[in-house]
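In: The sequence isn't on hand, but the structure is:
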């Protein structure tokens with residue numbers, strides 16, 4: 001209860017920009033949660049294991065089986081590889097074009113809304129700075145007009161506004177930046193696997209076709 005009371009007092013003493021920073025923070029956390037669920041449970045897959053499974057089907061001359069394996073997943077890598085497998089009986093250029101077209105469709109969805117987190121971190125810092133300026137202006141204005149017996153109290157209130165908004169703005173910015181770095185690394189891992197295994201699929205299909213011919 002003491003912590004809750006302290007938090008309420010901390011926010012109320014910080015002025016209006018505290019609520020703005022909290023709103024930006026809440027927005028960023030909502031975006032981060034949605035992105036985490038998508039990147040961890042929808043778009044991601046164990047790339048090496050998945051590619052090994054596809055390789056067994058392809059080397060067994062069961063392209064349709066490989067396509068069925070891709071169809072059983074909503075992840076980004078299977079969607080891209082599936083488009084290449086559908087043109088396995090065509091030339092290397094057609095396979096690459098199909099993969100590139102699907103990758104151009106999938107990759108923006110993987111990176112979607114991550115830039116919002118960077119924006120939210122910057123906004124948190126800037127609103128904290130605005131709160132600092134507001135608190136200092138409030139302090140100096142009040143001190144110049146206040147009764148000498150009340151100057152200390154008025155100055156303390158202004159400093160509280162300045163320091164509280166600075167602290168909350170920095171805390172929000174730091175946490176959002178850490179989350180942004182984590183989610184960016186996950187998205188880069190998925191995109192890198194798409195690039196890597198798309199090339200390996202093209203090489204595998206080309207090698208198999210050369211052997212069959």
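Out: Noted; the coordinates are in hand. Bear in mind the structure is a predicted one, so any value in this text is a computation, not a measurement. Numbering: from 1, shown residues only.

In: Okay, buried residues for stretch 40-54 please.
Out: Buried residues in stretch 40-54, counted by 16 or more other Cβ atoms under 10 Å: 43-45, 47, 50-51, 54. C-beta: built from backbone N, CA, C; applies to glycine.

In: quick check: mean pLDDT across that stretch?
Out: Stretch 40-54 carries an average pLDDT of 93.

In: Now do that stretch: distance to the chain's middle.
Out: Distance, stretch centre to chain centre, for stretch 40-54: 20 Å (Cα atoms, centre = their mean, to the nearest Å).

In: And stretch 34-41, by the same measure?
Out: That offset, for stretch 34-41, works out to 9 Å (Cα atoms, centre = their mean).

In: buried sites along it?
Out: 35, 38-39.

In: ok, back up a step: just the ones of the buried residues of stretch 40-54 in helices?
Out: Of those, the ones assigned to helices by DSSP state H are 47, 50-51, 54.

In: and of the buried residues of stretch 34-41, the nearest to residue 74?
Out: If you rank the buried residues of stretch 34-41 by distance to residue 74 using Cβ to Cβ, residue 38 comes first, at 10.2 Å.

In: burial measure for the closest residue to residue 14 other than its chain neighbours, as a count.
Out: Nearest residue to residue 14 in three dimensions, chain neighbours excluded: residue 164, at 3.3 Å (Cβ to Cβ, 6 or more residues apart in numbering). When neighbours are defined as other Cβ atoms under 10 Å, residue 164 has 24 of them.

In: go on, residue 132?
Out: 20.

In: and it, what does it touch?
Out: Contact criterion Cβ atoms under 8 Å, 6 or more residues apart in numbering gives 162-163, 165-166 as the residues in contact with residue 132.

In: and the helix or strand harbouring it, what's its mean pLDDT?
Out: Using DSSP states H and E, residue 132 sits in helix 114-145. Averaging pLDDT along helix 114-145 gives 88.

In: chain center to the helix or strand bottoming out on mean pLDDT in the chain: distance?
Out: One helix or strand of the chain scores below all others by mean pLDDT, DSSP states H and E: helix 2-14, with a mean of 85. Put simply, helix 2-14 sits 30 Å off its chain's centre (Cα atoms, centre = their mean).

In: Taking helix 114-145 as reference, get the angle to that helix.
Out: Relative orientation of helix 2-14 and helix 114-145, computed by axes from the mean of the first three to the mean of the last three Cα atoms, to 10 degrees: 70 degrees.

In: any idea which helix or strand comes after helix 2-14?
Out: helix 16-37.

In: buried stuff in that following helix?
Out: Of all the residues in helix 16-37, those buried under the rule 16+ other Cβ under 10 Å are 17-18, 20-22, 24-25, 27-29, 31-32, 35.

In: No more questions from me, cheers.
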